[in-house]
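> Next one to model:
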Amino acid sequence: MSPVLRCSRWLSPQSKLFLSVTNALAKFSFSTTTTTANHEEEISRPRRPPVRVRFTDSAGRGVFATRRIGAGELIHMAQPLVSHPSLSKINTVCYNCLRRLKLRNDAQAVAQPFCSDECRGQSKAFYELEMKADWSTYHEHCRNQCLKHPLLVKRLACMVISGAASADCIDILQPACMLPPVS
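Sure, this is the predicted structure:
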């Protein structure tokens, strides 16, 4: 194993004089990571992401590999914008992160649909709003039609209404620079 050395340098006081006091970016740091292997020092730089979002005429918007991706290599990791359990799993998975819940009876699952206090806290605002409405007809329609996206729409609407998400949070899914020109 090679030891990893990390060091950070804050801006010098002289450099701070040149920056505006109101500039929100005035407080930043530079950091470097170095490793030593076989008595040779090398600078370890984070690898570029192995994928990139592009727009093509033939396939539209998609995710494309930028280099060879090894088996088991982590491609991307992020929190989901919105998630909702499928109706068939609604009593067996966490209502927030979709992790499998510990086995328990249905009454406990309905009363405690979260795997942790963290998930309960993250979804408190929109969960309370969802529980105020009777969604049984909506759920029955989704179940009969085998629909899953309307459940995500319901969750996103409740998140926006409760203030847990902004109305423009889905803009990231279709950035303006990726859209083909409108004629």
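> Report how many residues lie close to the nearest residue to residue 119 once chain neighbours are set aside.
Leaving aside its sequence neighbours, residue 119 sits nearest to residue 96 (CB to CB, 6 or more residues apart in numbering; 3.9 Å). (Glycine included, C-beta is placed from N, CA and C.) Counted with other CB atoms under 10 Å, the neighbours of residue 96 add up to 23.
> Using the record's assignment, carve the protein into domains.
1-68, 80-170 (automatic domain parsing).
> Go through those domains and find the least confident stretch.
Mean pLDDT is lowest for domain 1-68 out of the domains of the chain, coming in at a mean of 54.
> can you pull the contacts of the closest residue in space to residue 69 that isn't next to it in sequence?
Distances taken as CB to CB, 6+ apart place residue 50 nearest to residue 69, at 4.8 Å, with adjacent residues excluded. By CB atoms under 8 Å, 6 or more residues apart in numbering, the contact set of residue 50 is 65, 66, 67, 68, 69, 73, 75.
> I'd say the fifth one and residue 75 touch.
Yes: taking CB atoms under 8 Å as the definition, residue 69 is a contact partner of residue 75 at 6.4 Å.
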